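> test case, fold it:
(one chain, ligands or ions: 1)
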Amino acid sequence: MGDSERFVIVGAGMAGAKGAEALRALGFDGRIALLGDEPHRPYERPPLSKDYLLGNTGFDAAYVHDEGWYADNRVDLQLQVSVRRIDRSLRQVELADGARIDFDKLMITTGAHPRSLPVPGIEAEGVLHLRRVEDSDRIKQALAEVDRLVVVGAGWIGLEVAAAARTAGVAVTVVETAELPLLRVLGPEVAQVFADLHRAHGVEFRFGTAVDEIRTSGGRTTGVRLTDGAEVPAAAVLVAVGVEPDVELAQQAGLRVQNGILVDASLRTPDPNIVAAGDVANAFNPLLGKQIRVEHWANALNQPATAAAAMLGRDAEYSELPYFFTDQYAPDAGGIGMEFLGHVEPGGYEQVVFRGDVAAREFIAFWLNGGRVVAGMNVNVWDVQDQLRTLITSGTTVDTAALADPGTPLNDLIAR
Ligand SMILES: Cc1cc2nc3c(=O)[nH]c(=O)nc-3n(C[C@H](O)[C@H](O)[C@H](O)COP(=O)(O)OP(=O)(O)OC[C@H]3O[C@@H](n4cnc5c(N)ncnc54)[C@H](O)[C@@H]3O)c2cc1C
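Residues are numbered from 1 along each chain as shown. Modelled structure (predicted):
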């Protein structure tokens, strides 16, 4: 490893910034170029659907590093720079303007973008998506102007924006093809908790139906028509139907792509000079024993350290359980803060056990498979993540009555 080596990171979001940080923390002394197509230095996206959207925090609070950090750490941060090609044989990336940058090792952290909806009217003014700070600003402005927001998709982002809109006094209709919000990720038992939460705050759900057409007048949206024939008038429509990983560069470079860039547990692609991390990476997780692409903040925070180690030729594996958090409505207004740890497949668990008061939204839910806890979610209950992690990774067969009993410390359930 010489001083003249140049490592390039494509994608200046959370994972890219953490990748640069990890390289320096691991002692890499060569050149680092961090290339991003947004006009801002790397920032965190969770506030964009929560406190930033609500105006409770400014954009400054979202930056991953302060402005001076990049120069202090000799990270050549290049913004508004779009990489259009990776040339593996020459070990160069080509920018949109044709300029080329050599690399010895490359980390791809291009993230993901919102999935579009293939319906007429999708291009109309007032149809919104949410990924970047500019999107959040547009939604904030819409919430100040419209009486009703239609949210298409009852996933995490759709629900968080629904909560922000209700908090801002805007009427909300959520359209969802499934029969409950978050059904695919949580299953019906816990999905019901989120349906109840939002109904209690005045959200109207249209389940079991999809958007057929976005209605427009003079190029502006006037609402949606649903596949069941119903119409919902609204001057703003948020399309929140999931994201797609930004894999084009990898695909064009001949790397293996399948729901993200396929990488091993060390986050290596089959090309020894290229690794991937964050939302774009479909990595083998040794704890789960399978490939998984995780679209969550903690993954973008932690995975790059393993990718950086791989760039430096060191042995490291990323074997964290997926972790996710959300905040919906203020805690003093009957809202929830929750953390989720583990992984549940649709239909891939046998039972959900609740501990605590579900009606009061203060509980822990445990998903069990084969008598073992495979995932857990603490809702308005804190400081249990370490115990949950140990419970899941220990593979202990648990007594469900004791699991449901708040009087039994979680640690007592873990086989020693
Ligand atoms: C509104 C919102 C709320 C969220 N809330 C939560 C939450 O509450 N909890 C949670 O766990 N997770 C949450 N997430 C998910 C979390 O933010 C993501 O997992 C995380 O941002 C992924 O980071 P990343 O660096 O992998 O990708 P990104 O953040 O997408 O960054 C990738 C960057 O690469 C750039 N890029 C792409 N292609 C190129 C190219 N060819 N050339 C140059 N640059 C390129 C992109 O423009 C982008 O800036 C939320 C996400 C959003 C959008």
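> so what's the nearest residue to residue 30 once chain neighbours are set aside up against?
Of all residues not flanking residue 30 in the chain, residue 5 sits nearest, at 3.6 Å (Cβ to Cβ, 6 or more residues apart in numbering). Placement of C-beta: from N, CA and C, glycine included. Counting by Cβ atoms under 8 Å, 6 or more residues apart in numbering, residue 5 touches 28, 30, 31, 104, 105.
> most neighbours among these, which one is it?
Top of the contacts of residue 5 by neighbour number is residue 105, holding 24 neighbours under the definition other Cβ atoms under 10 Å.
> pLDDT score assigned to that one?
Reported pLDDT at residue 105 in the predicted model: 98.
> in CSV: the contacts of residue 5, plus distance to the ligand and secondary structure.
What follows is these, written out as CSV (distance: Cβ to the nearest ligand atom, whole Å; DSSP: H, G, I helix; E, B strand; the rest coil):
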residue, distance to the ligand, secondary structure
28, 19, coil
30, 21, coil
31, 18, strand
104, 19, coil
105, 17, strand
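> which helix runs longest in this protein?
Assignment by DSSP state H gives helix 297-311 as the longest helix of the chain.
> so which bits of the stretch 51-200 of the chain are right by the ligand?
82, 83, 109, 110, 111, 112, 130, 131, 157 (Cβ under 6 Å from any ligand atom).
> how about the longest helix of the chain and the ligand, any contact?
Yes: for helix 297-311, a contact with the ligand is found by Cβ under 6 Å from any ligand atom, at 297, 298, 300.
> same for that helix, what does it pack against?
helix 14-25, strand 105-108, strand 274-276, strand 281-285, strand 323-328 (3 or more Cβ pairs under 8 Å, 6 or more residues apart in numbering; DSSP states H and E).
> which residues touch it?
Here helix 297-311 makes contact (Cβ under 8 Å, 6+ apart) with 7, 13-16, 18-19, 21-23, 25-26, 28, 44-46, 105, 107, 109, 111, 266-268, 275-279, 281, 283, 315-318, 320, 322-325.
> still on that earlier bit, in a markdown table, list the helices and strands packed on helix 297-311 along with distance to residue 389.
Below are the helices and strands packed on helix 297-311 laid out as a markdown table (distance: least, Cβ to Cβ, whole Å):
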| stretch | distance to residue 389 |
| --- | --- |
| helix 14-25 | 21 |
| strand 105-108 | 27 |
| strand 274-276 | 25 |
| strand 281-285 | 14 |
| strand 323-328 | 9 |
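> what about the strands in the stretch 101-250 of the chain?
105-108, 112-114, 127-128, 148-152, 171-176, 204-207, 211-217, 220-226, 231-233, 236-239, 243-245 (DSSP state E, counting those that start in this stretch).
> show me the one of those that comes nearest residue 89.
strand 105-108 (13.0 Å; Cβ to Cβ).
> contact partners of that closest one?
By Cβ under 8 Å, 6+ apart, strand 105-108 touches 5, 7-11, 16, 19, 86, 91, 93, 249-250, 261, 273-277, 280-281, 304, 307-308, 311.
> what about 7 Å?
With contact meaning Cβ atoms under 7 Å, 6 or more residues apart in numbering, strand 105-108 is reached by 7-11, 19, 86, 249-250, 261, 273-277, 280, 307, 311.
> cool, stretch 348-363 as well?
Here stretch 348-363 has contacts from 187, 189-190, 193, 197, 336, 364-369, 374, 379-381, 400, 403-404, 406, using Cβ under 7 Å, 6+ apart.
> now that stretch: buried residues?
Neighbour-count burial for stretch 348-363, with 16 or more other Cβ atoms under 10 Å as criterion, is recorded at 349, 352, 353, 354, 355, 356, 358, 361, 363.
> so which of these comes closest to the ligand?
The nearest member of the buried residues of stretch 348-363 to the ligand, counting by Cβ to the nearest ligand atom, is residue 361 at 17.3 Å.
> and the gap between that closest one and residue 381?
Going from residue 361 to residue 381 by Cβ to Cβ, to the nearest Å gives 10 Å.
> please apply the same query to residue 200.
From residue 200 across to residue 381, the span is 19 Å (Cβ to Cβ).
> same question for residue 86.
45 Å.
> can you check residue 71 too?
42 Å.
> so between these two, which is more surrounded?
Ranked by neighbour count (other Cβ under 10 Å), residue 71 and residue 381 place residue 381 first, with 18 against 10.
> residues touching that one, list them.
Residues counted as contacts of residue 381 (Cβ under 7 Å, 6+ apart) are 356, 362, 363, 364.
> sheet partners, orientation included, of the strand or helix carrying the last one?
Using DSSP states H and E, residue 364 falls within strand 362-369. Take DSSP bridges as the rule and strand 362-369 pairs in its sheet with strand 351-357 (antiparallel), strand 372-379 (antiparallel).
> hmm, who's touching the longest one?
Counting by Cβ under 7 Å, 6+ apart, the neighbours of strand 372-379 from elsewhere in the structure are 190, 336, 338-344, 349, 361-368, 384, 388, 391-392, 395-398.
> pull that strand out as PDB, backbone CA atoms only.
Output in PDB follows, covering the C-alpha atoms of strand 372-379 (Å, rounded to 0.1, in the frame of the first residue of the first chain):
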ATOM      1  CA  ARG A 372     -36.600 -19.200  18.300                       C
ATOM      2  CA  VAL A 373     -36.800 -15.400  18.100                       C
ATOM      3  CA  VAL A 374     -35.800 -14.300  14.600                       C
ATOM      4  CA  ALA A 375     -36.800 -10.600  14.900                       C
ATOM      5  CA  GLY A 376     -37.900  -8.100  17.500                       C
ATOM      6  CA  MET A 377     -39.500  -4.700  17.500                       C
ATOM      7  CA  ASN A 378     -39.500  -2.400  20.500                       C
ATOM      8  CA  VAL A 379     -42.200   0.300  20.300                       C
END
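> that one near the ligand at all?
No: Strand 372-379 does not reach the ligand (Cβ under 6 Å from any ligand atom); its nearest approach is 12.8 Å.
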